[in-house]
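# Here's a sequence, model it:
(2 chains)
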Amino acid sequence: MTPVPSEVVGVSSDHATRGPIATLGFESVSKTFPDGTQALEDITFGIGLGELVTVVGPSGCGKSTLLRIASGLLPATSGRVALRDGSLGYVFQDPTLLPWRTVRANVELLAELHGVSESHRRRLAQQAIELVGLRGFEGHYPKALSGGMRMRVSLARALTLKPRVFLFDEPFGALDEITRQRLNEELLRLLGIEGFSALFITHSVSEAVYLSARVLVMSARPGRIVSEVAVPFPYPRSPHLRYDPAFAEIAGRVSMALQEGFR
Amino acid sequence: MRTVTPAPERPVALPDDGTARDRAATRPGRLRSLGATLWPPTVVFLVTLGIWLMMSYALLSEEQRFLLPPPQQVIEVGFLQWDNLKEILEGLWSTAQVALTGLAIAIGLGMAFAISMSQATWVERSFYPYAVALQTIPIIALVPLVGFWFSFNFKSRVIACVIISIFPIITNTLFGIQSVEGTLHDLFTLHGAKRSTRLWKLQLPWALPAVFTGFRISAGLSVIGAIVGDFFFRQGEPGIGRLIDIYRNQLQSEQLFSAIFFSSVLGIVVFWAFGFVGYRLIRSWHDSALRP
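This next block holds a predicted model:
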């Protein structure tokens, strides 16, 4: 779906990854902006097939820059990003909906941009709308929806092209805690159905632990990966996992690593 | 609004804003609120009429009364005598043609200019400073020059009208296009949107509310421009601006008042029409200031 940017080349077998096959890999990626700010320093990690990896870090540590580089919106200063197949889904911090389009027309947008025929994109949109639980709201305009529902529309829009790798840039950061937890559960359900791999950026430790198989902790600027915390709970995960002492223990380790990254 | 239960999120969708308001305003309530909206301006109208009458009869002597003829006389001479009214309406029609032609050209040219500035930085960098500078100079001062170059007829009146009304269209369209959110541009970039796709599917619709604000301002200006054109360029059938000048010269104040009234109506109608069309186009998705 996304045009393959020049830095993104076929995967090489030698970079670090835990998963059996890396779908998305970063190799010594650094980024220095023209004004001299060093945003990222020597980032190396890979995401396995069907794996959801979260990155937590203090605000301004370059988390979003990581995604912009992965998607090709921004070139890396050095290092490279390897993407196994060219299809990437990108979910932004804001829902980024077009206010003059109804829910259905918004969900159809990406297929439209890729020249998918009208009847086919209608079908893709309807499937995606039902997948995120928005059936019955197809004709609504974004301004009539709650923040959580707008984010669902944004998710549905990304799902229409059935990407194998998803990039999430703090998508639920602006939502209230309850809505965020519900959407976390929905996201895991979608992951179970669609089986995509994902790189998920967040500043919420509990969200990171609940969603992912591994949590990467980034330091303050320049962003480096200072720690990696494995989350051993099997999928599918119950919402009650959040109240498990083992969950609290892992969340504690992530928080501690975050604290250390500040120093 | 929500409690902590594992039930799936069922957010409440707000109904479309127009329908909700219509439904809320039931008939007796609507009548009462209509009354509440109507009586204050009615009182102001009556008081103004009273002051007008007082000034015509109490302040002005018989031979000075042409300065402010009483309202009933204005209505009789300026509105009810068919020959006078016909002359004024014909002038109004001629001016309206100039204004609408000028406005149409201003919209076409202004938008084309704004779009090309938004698509090519070099165009913007080269021309925008002049567009801004032209707005700050007294544009009416240029109008005599137009007659000098293009003769003193319909064509020149239209050109004067375009010069006066084009800038709000350029600046509002450009502002609207440039205010598109950065992440939306990212989204279109990620999916390889061509420049034209980006323009049609993102930038122009996003700019629409600002564009219509520009149209509305320019609509008012186009009527002003047409009347200014009438003052300067007198060949061809006389516009209402020409008539206003004639009535002033011949102390025909009843017709003068009538002509002023009708030119105001023209301005209001054009302004309101664009507000209405814009509001109809975007009300479903935009919380608009264009409400007529």
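
# Could you give me the buried positions within the one helix or strand residue B:174 maps to?
Taking DSSP states H and E as the definition, residue B:174 sits inside helix B:167-178. Using 16 or more other C-beta atoms under 10 Å in any protein chain shown as the test for burial, helix B:167-178 gives B:167-177. C-betas here are computed from N, CA, C, even on glycine.

# need the contact list for residue 219.
Chain wasn't specified; assuming chain A. A:57-58, A:61, A:225-226, A:261-262 (C-beta atoms under 8 Å, 6 or more residues apart in numbering or on different chains).

# wait, I meant chain B there
B:103, B:165, B:270-271, B:273-274.

# Same question for residue A:89.
A:1, A:158-159, A:161, A:163, A:165-167, A:196.

# Sort out which of those residues are in helices and list them.
Among those, DSSP state H puts A:158-159 in helices.

# Save the contacts of residue A:89 as CSV, and put in neighbour count and pLDDT too.
Output for these, formatted as CSV (neighbours: other C-beta atoms under 10 Å in any protein chain shown; pLDDT from 0 to 100):
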residue, neighbour count, pLDDT
A:1, 21, 43
A:158, 25, 94
A:159, 25, 93
A:161, 20, 91
A:163, 22, 91
A:165, 23, 93
A:166, 26, 94
A:167, 25, 95
A:196, 21, 91
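
# Point out where chain A drops to low pLDDT.
For chain A, applying pLDDT under 70 flags the ranges A:1-21, A:86, A:262-263.

# ok, now the stretch 101-250 of chain B?
Within the stretch 101-250 of chain B, no stretch falls below the threshold (pLDDT under 70).

# what does it put close to chain A?
Neighbours of chain A within the stretch 101-250 of chain B, by C-beta under 8 Å from any C-beta of the partner chain: B:181, B:183-184, B:186-193, B:197, B:201-202, B:205-206, B:208.

# In helices only, show me these.
Per DSSP H, these map to helices at B:183-184, B:186-190, B:197, B:205-206, B:208.

# Which parts of the stretch 151-292 of chain B are helices?
B:154-165, B:167-178, B:182-190, B:195-198, B:204-232, B:240-249, B:253-282 (DSSP state H, counting those that start in this stretch).

# and among those helices, the most buried is which?
Comparing these by mean neighbour count (mean count of other C-beta atoms under 10 Å in any protein chain shown), helix B:154-165 ranks first with a mean of 26.

# just to revisit the earlier point, and the buried residues of helix B:167-178, which is closest to residue A:148?
residue B:176 (29.2 Å; C-beta to C-beta).

# Distance check, the closest one against residue A:49.
44 Å (C-beta to C-beta, to the nearest Å).

# Ok, residue A:23 next?
From residue A:23 over to residue A:49 (counting by C-beta to C-beta), the distance is 5 Å.

# Residue B:253 and residue B:64 touch, don't they?
No - contact status for residue B:253 versus residue B:64: not in contact, 10.9 Å apart, counting by C-beta atoms under 8 Å.

# tally of neighbours for the nearest residue to residue B:262 once chain neighbours are set aside?
Once flanking residues are discounted, residue B:262 sits nearest to residue B:92: 5.0 Å by C-beta to C-beta, 6 or more residues apart in numbering or on different chains. Residues near residue B:92, counting by other C-beta atoms under 10 Å in any protein chain shown, number 19.

# does residue B:92 count as helix, strand or coil?
When classified by DSSP: H, G, I helix; E, B strand; the rest coil, residue B:92 comes out as helix.
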